[in-house]
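1. I need the structure of the sequence given here:
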Amino acid sequence: MSTRIAFLKGHGTENDFVIVPDPDNALDLPAATVAALCDRRAGLGGDGVLHVVRSAAHPEAREMAAEAEWFMDYRNSDGSIAEMCGNGVRVFARYLQHAGLVTEGDLTVATRGGVKRVHLAKDGDITVGMGRALLPEGEVEVSVGERTWPARHVDMGNPHAVAFVADLDHAGDLLSPPPFRPAAAYPHGVNVEFVADRGPRHVAMRVHERGSGETRSCGTGACAVAVAAARRDGADPALTGLPATYTVEVPGGTLVITERPDGEIEMTGPAVIVAEGELDPEWLEGVGD
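-> Numbering: from 1, shown residues only. Here you go, the predicted model:
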């Protein structure tokens, strides 16, 4: 790979990403290259890569091109492909604004989890329509060491297991995926959230993201946590006709999650571009050697 590649670095509540603009989908980004980019010692460092492609230029997004000009081709830090990333969508939208491709107001972004509606507010926060949560039936448990907790299975376009704990330290170091059962509940792995109460409709969480390890924030995870907390607290907007809003503290900041009576979940939080530059071709040539 001798082509020079431009990059940017950004984060949303410290969930950080390497952004690779590639409107025409001309770049080959194999898993080894993505993992090297995300390496925090030998690369740029990040929880994932946001590959910025026009929907019409990507085979997985062409059917969405009429609704959304841009496709977020998201990769986890280990190089694996992911359906969606809520914080990533906010940073993706911030990049489009930074590059002069969109302005304040409403836009749409294509993802493997469908088309997401985004609003860039004048105050700098970005709100993303995250879609509806699915709550599959069946009991799930997650474990850390000798502790085991029941967990709520929440699907936000990607799978989550939400466990309420007395102390977030009980989650351990989260370097490896917390064991879960039954194994059949998550045949492709799962994002695991550990949640502690901080006040009325106010919780704090830590997360192990499938394919990335513990991250400073997880947007889909925060949405899953808010839905699980609402159901635990007896709140179901579809039944009450009233929106349910939760403040969710993550290690990297704060997100505000609202579930509307129609089932749509909205996530609001910051997104920041911190740097931009160009990858060294010689370094890229050596990736995988």
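2. which regions of the stretch 1-150 of the chain sit below the pLDDT cut-off?
-> Within the stretch 1-150 of the chain, the stretches with pLDDT under 70 are 1-3.
3. show me where it has helices.
-> Secondary structure of the stretch 1-150 of the chain (DSSP state H, counting those that start in this stretch): helices at 31-38, 86-98.
4. could you dump the first one to PDB, C-alpha only?
-> Backbone C-alpha positions of helix 31-38 (Å, rounded to 0.1, in the frame of the first residue of the first chain) are rendered in PDB as follows:
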ATOM      1  CA  ALA A  31      -8.000  -6.100   9.100                       C
ATOM      2  CA  ALA A  32      -4.300  -6.000   9.700                       C
ATOM      3  CA  THR A  33      -4.100  -2.400   8.600                       C
ATOM      4  CA  VAL A  34      -7.000  -1.300  10.700                       C
ATOM      5  CA  ALA A  35      -5.500  -3.100  13.800                       C
ATOM      6  CA  ALA A  36      -2.200  -1.400  13.100                       C
ATOM      7  CA  LEU A  37      -3.800   2.000  12.900                       C
ATOM      8  CA  CYS A  38      -5.600   1.500  16.200                       C
END
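5. from the chain's centre, how far out does that helix sit?
-> Averaged C-alpha coordinates place helix 31-38 at 18 Å from its chain's average position (CA atoms, centre = their mean, to the nearest Å).
6. who does that helix touch, helix- and strand-wise?
-> Other helices and strands packing on helix 31-38, by 3 or more CB pairs under 8 Å, 6 or more residues apart in numbering; DSSP states H and E, are strand 15-21, strand 48-54, strand 70-76. The way it works is simple: take the backbone N, C-alpha and C, and place the C-beta from them, glycine included.
7. need those in TSV (columns: distance to E264 and mean neighbour count).
-> Shown next, in TSV, are these (distance: least, CB to CB, whole Å; neighbours: other CB atoms under 10 Å):
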stretch	distance to E264	mean neighbour count
strand 15-21	22	25
strand 48-54	23	23
strand 70-76	19	25
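8. could I get those in a markdown table, plus columns for distance to F92?
-> Shown next, in a markdown table, are the helices and strands packed on helix 31-38 (distance: least, CB to CB, whole Å):
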| stretch | distance to F92 |
| --- | --- |
| strand 15-21 | 8 |
| strand 48-54 | 5 |
| strand 70-76 | 5 |
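9. give me the buried positions along stretch 53-65.
-> Within stretch 53-65, the residues that count as buried by 16 or more other CB atoms under 10 Å are 53-56, 58, 61, 64-65.
10. which among those gets closest to F7?
-> The closest of these to F7 turns out to be V53 (CB to CB; 14.5 Å).
11. quick one: residues contacting the closest one.
-> Contact analysis of V53 by CB atoms under 8 Å, 6 or more residues apart in numbering lists 22-25, 61, 70-71, 73.
12. now render these as a markdown table, adding distance to V165.
-> Below are the contacts of V53 laid out as a markdown table (distance: CB to CB, whole Å):
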| residue | distance to V165 |
| --- | --- |
| D22 | 41 |
| P23 | 44 |
| D24 | 47 |
| N25 | 43 |
| A61 | 38 |
| W70 | 38 |
| F71 | 37 |
| D73 | 34 |
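13. relative to H119, how far out is the nearest residue to G145 once chain neighbours are set aside?
-> Using CB to CB, 6 or more residues apart in numbering and skipping the chain neighbours, the partner closest in space to G145 is G172 (6.3 Å). Relative to H119, G172 is positioned 37 Å away (CB to CB, to the nearest Å).
14. which intervals of the stretch 151-289 of the chain have sub-threshold pLDDT?
-> 288-289.
15. for R152, grab phi and psi.
-> Backbone geometry at R152, expressed as degrees, to the nearest 10, gives phi -100, psi 130.
16. that one touches E141, doesn't it?
-> No - between R152 and E141 no contact is recorded; they are 11.0 Å apart, counting by CB atoms under 8 Å.
17. of these two, which one has the most company?
-> R152 (22 against 15; other CB atoms under 10 Å).
18. run through the bridge partners of S143.
-> Note on S143: beta-bridge partners T148, judged by DSSP bridges.
19. repeat that for the one 10 residues further on.
-> Partner residues in beta bridges with H153, using DSSP bridges, are A161.
20. am I right that it is in contact with V142?
-> No - using CB under 8 Å as the test, H153 is too far from V142 to be in contact (10.5 Å).
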